[in-house]
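Participant: Sharing a model prediction with you, sequence too.
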Amino acid sequence: MNTLEKAIYDIIEKRYKKKFVGDIKVTKLGKGWAGYKAVLYREHSTIPLISLSADLEAEDFLKYVEQELISR
């Protein structure tokens, strides 16, 4: 688990007061982009629950993820 994945787990626990038991995968966007893509999966599933991408640096990307999770 990388640092961004851990941070997203922490955001979910802080916001919802529950642990997310699924998987979270965070990858850097392709060549020419500075941002990240986060995909949240249900436990033992390969079908994404949520997929978020943004051309933002790590700190701003986490703020974006938090705002998106609040609005959903």
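Facilitator: Good, I have the coordinates. Numbering: from 1, shown residues only.

Participant: show me what contacts the most centrally placed residue in the chain?
Facilitator: Most central residue of the chain, judged by C-alpha distance to the mean C-alpha position with C-alpha atoms, centre = their mean, is Ala38 at 4.0 Å. With contacts taken as C-beta atoms under 8 Å, 6 or more residues apart in numbering, Ala38 has the following neighbours: 4-5, 8, 24-26, 50-53, 61, 65. Where you see a C-beta, it was placed from the backbone N, CA and C, and this is true even at glycine.

Participant: just curious, which of those is nearest to Gly32?
Facilitator: When those are compared for distance to Gly32 (C-beta to C-beta), Ser53 comes out closest, at 13.7 Å.

Participant: what's in contact with the helix or strand containing the closest one?
Facilitator: With elements delineated by DSSP states H and E, Ser53 resides in strand 48-54, which encompasses its position. By C-beta under 8 Å, 6+ apart, the list of residues contacting strand 48-54 from outside reads 22, 29, 35-42, 60-61, 64-65, 68-69, 72.

Participant: To what extent is Lys17 buried, counted in neighbours?
Facilitator: When neighbours are defined as other C-beta atoms under 10 Å, Lys17 has 7 of them.

Participant: before we move on, what about Ser51?
Facilitator: Each residue near Ser51 was counted by other C-beta under 10 Å, and the total is 11.

Participant: and it, what pLDDT?
Facilitator: Among the per-residue scores, Ser51 shows a pLDDT of 96.

Participant: For it, give its distance to Lys17.
Facilitator: Using C-beta to C-beta, to the nearest Å, Ser51 is found at 24 Å from Lys17.

Participant: before we move on, the earlier item: can you pull the buried residues of the helix or strand following the strand holding Ser53?
Facilitator: Using DSSP H and E, the helix or strand that follows strand 48-54 in sequence is helix 58-71. Using 16 or more other C-beta atoms under 10 Å as the burial criterion, the residues of helix 58-71 that qualify are 61-62, 64-66, 69.
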